[in-house]
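Trainee: Sequence and predicted structure are below.
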Amino acid sequence: MIEWRYAEGKLDRLPELAAELVRLKVNVIVTGAPAANRAAKAATSTIPIVMTNDPDPVANGFVASLARPGGNITGLSTFAPELGGKRLEILREVVPKLSRVTVIGTSTTPGYAQVISEIELAAKAFGVKLQYLDVLDSKDVETAFRAASKGRADGVLTLNSPILASQRTQIVEFAVKNRLSAIYHSSEYVVAGGLMFYGVNLLDLNRRAATYVDKILKGRKPADLPVEQPTKFEFIVNLKAAKQIGLTIPPNVLVRADRVIK
């Protein structure tokens, strides 16, 4: 029997839902995002918890290390800082004469410094200048895009951030309005009308999480099951968004897309 709980985007409901699952004395709790991971961790230190994804479970305090989690939590991590450099590479292929790129993120997000370091290495190799815009509040999003436009950015690269996620639709609209080619860190932005996404295949992580549940139900302890990192990635292109900003996606890039939105 499976007990489903969904906060419907209202993160303040997560602690209550996690507590409810604990009261039901479920055998395993499966969580689908960092906020849910934190709520489950706060609710129980004994019931096994399997994360389907987390950007940095060590920095977030969920596990002692990836190899030896050490507590009642294990699962999958989406942490792959090299993706920032790969996204910049794709942006460079799509935008002719790419010279200035605006990087939008939240500096307080775990793993931020390491991701920035990887992007800087790629930017140096490609001869691209970077402009960093730190979004610490939802009201900073409009200011960030105004700065990107003023700085004559040729493209935009977003980083993982709960604040950006909460303003996903607004961010996509600003990018289109300012005719900025953007590559996003989450496929949800492209589904919402954004141009491109390259990153971790979350569906694959969900499938792999099931193997953790199976092992735990058969007697294994979360503390002894190493946290695994992503192995499958996907590339999504939104041709409708490209048309809105007057951009033509090169055929050699389009052919590599796992999914094309028309």
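Mentor: All right, it came through fine. Numbers count the residues shown, from 1 in each chain.
Trainee: tell me which residues in stretch 27-37 are buried?
Mentor: For stretch 27-37, the neighbour count (16 or more other CB atoms under 10 Å) marks Val28, Ile29, Val30, Thr31, Gly32, Ala33, Pro34, Ala35, Ala36, Asn37 as buried. Yep, even glycine has a C-beta here, placed from its N, CA and C like the rest.
Trainee: meant to ask about stretch 122-140
Mentor: Buried residues in stretch 122-140, defined by neighbour count with 16+ other CB under 10 Å: Ala122, Ala123, Val128, Leu130, Gln131, Leu133, Val135, Asp140.
Trainee: out of everything not next to it in sequence, what's closest to the third one?
Mentor: Using CB to CB, 6 or more residues apart in numbering and skipping residues adjacent in sequence, the residue nearest Val128 is Val101, 5.5 Å away.
Trainee: hang on, the one you found in a helix?
Mentor: No. The assignment for Val101 by DSSP: H, G, I helix; E, B strand; the rest coil gives strand, which leaves it out of any helix.
Trainee: Pull the contacting residues for it.
Mentor: Leu88, Leu91, Ala123, Val128, Lys129, Leu130, Gln131, Ala153, Asp154, Gly155, Val156, Leu157 (CB atoms under 8 Å, 6 or more residues apart in numbering).
Trainee: Strands along the stretch 101-250 of the chain, start to end?
Mentor: Remark: strands of the stretch 101-250 of the chain, listed N- to C-terminal, are 129-134, 155-158, 181-184, 196-200, 233-238; assignment by DSSP state E, counting those that start in this stretch.
Trainee: could you say what helices and strands the fourth one packs with?
Mentor: Helices and strands touching strand 196-200, by 3 or more CB pairs under 8 Å, 6 or more residues apart in numbering; DSSP states H and E, are helix 83-94, strand 181-184, helix 187-191, strand 233-238.
Trainee: same thing but at 6 Å, please
Mentor: Packed against strand 196-200, as judged by 3 or more CB pairs under 6 Å, 6 or more residues apart in numbering; DSSP states H and E, are the following elements: helix 83-94, strand 233-238.
Trainee: I'd like the buried residues of stretch 122-140 laid out as JSON lines, including pLDDT and distance to Ala147.
Mentor: Converted to JSON lines, the buried residues of stretch 122-140 look like this (pLDDT from 0 to 100; distance: CB to CB, whole Å):
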{"residue": "Ala122", "pLDDT": "95", "distance to Ala147": "22"}
{"residue": "Ala123", "pLDDT": "97", "distance to Ala147": "18"}
{"residue": "Val128", "pLDDT": "96", "distance to Ala147": "17"}
{"residue": "Leu130", "pLDDT": "97", "distance to Ala147": "13"}
{"residue": "Gln131", "pLDDT": "96", "distance to Ala147": "7"}
{"residue": "Leu133", "pLDDT": "94", "distance to Ala147": "6"}
{"residue": "Val135", "pLDDT": "93", "distance to Ala147": "11"}
{"residue": "Asp140", "pLDDT": "88", "distance to Ala147": "10"}
